[in-house]
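Trainee: A structural model of the following input is requested.
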Amino acid sequence: QVQLVESGGGLVQAGGSLNLSCAASDSSFSKYGMGWFRRAPGKEREFVASISWSGQTILYADSVKGRFTISRDNAKNTAYLAMNTLKPEDTAVYYCSGRTHYSGSFTSEYNYDYWGQGTQVTVSS
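Mentor: Prediction:
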């Protein structure tokens, strides 16, 4: 079973940037669709962005479109989330996730098989 480990979270002022990474434990990563989700205090976990195994299909939540960029490097077994122009409402625990199949929506957490432990992102106003 593949393990996912996020890194790169932290505290940043509004308008700043952070880059999250998600490292997978083995090369089967290259076959997975990958997603980023987040859970803000008192809220349900929500979709942020997803990328297909080839990188050709990318989706973003409306709330982050134009500010966040998802990417992947299959040679490094790593997915990334570049976050720019951060807002206080982006404060959440960010999770990366992997899926081994391509049926069902990429925006639903129920269609992902593997999850990282999460990394905290805090944006101060």
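
Trainee: tell me if residue 30 really is in a strand.
Mentor: No: the assignment for residue 30, made by DSSP: H, G, I helix; E, B strand; the rest coil, is helix rather than a strand.

Trainee: make residue 1 into 207 and carry on from there
Mentor: Got it, the first residue is 207 from now on, which makes the last one we talked about residue 236.

Trainee: give me the pLDDT for the closest residue to it other than its chain neighbours.
Mentor: Using C-beta to C-beta, 6 or more residues apart in numbering and skipping the chain neighbours, the partner closest in space to residue 236 is residue 280 (3.9 Å). The way it works is simple: take the backbone N, C-alpha and C, and place the C-beta from them, glycine included. Residue 280 is assigned 95 on the pLDDT scale.

Trainee: which residue is nearest the middle of this structure?
Mentor: residue 242 (2.2 Å; C-alpha atoms, centre = their mean).

Trainee: what's the neighbour count on the residue nearest to that one when sequence neighbours are not counted?
Mentor: Using C-beta to C-beta, 6+ apart and skipping the chain neighbours, the partner closest in space to residue 242 is residue 254 (4.3 Å). By the criterion of other C-beta atoms under 10 Å, residue 254 has 25 neighbours.

Trainee: can you check the one 5 residues further on too?
Mentor: Neighbours of residue 259 under the rule other C-beta under 10 Å: 18.

Trainee: quick one: contacts for it?
Mentor: For residue 259, the contact set (C-beta atoms under 8 Å, 6 or more residues apart in numbering) comprises 236-239, 280.

Trainee: rerun at 7 Å
Mentor: Going by C-beta atoms under 7 Å, 6 or more residues apart in numbering, residue 259 touches 236-239.

Trainee: just among those residues, which is most surrounded?
Mentor: Counting neighbours by other C-beta under 10 Å, residue 238 comes out on top of the contacts of residue 259 with 26 neighbours.

Trainee: what values do phi and psi take at the residue nearest to the centre of the chain?
Mentor: With angles defined as degrees, to the nearest 10, residue 242 sits at phi -120, psi 130.

Trainee: circling back: what distance do you get for the residue nearest to residue 236 to residue 226?
Mentor: Look at residue 280 and residue 226: by C-beta to C-beta, to the nearest Å, they are 17 Å apart.
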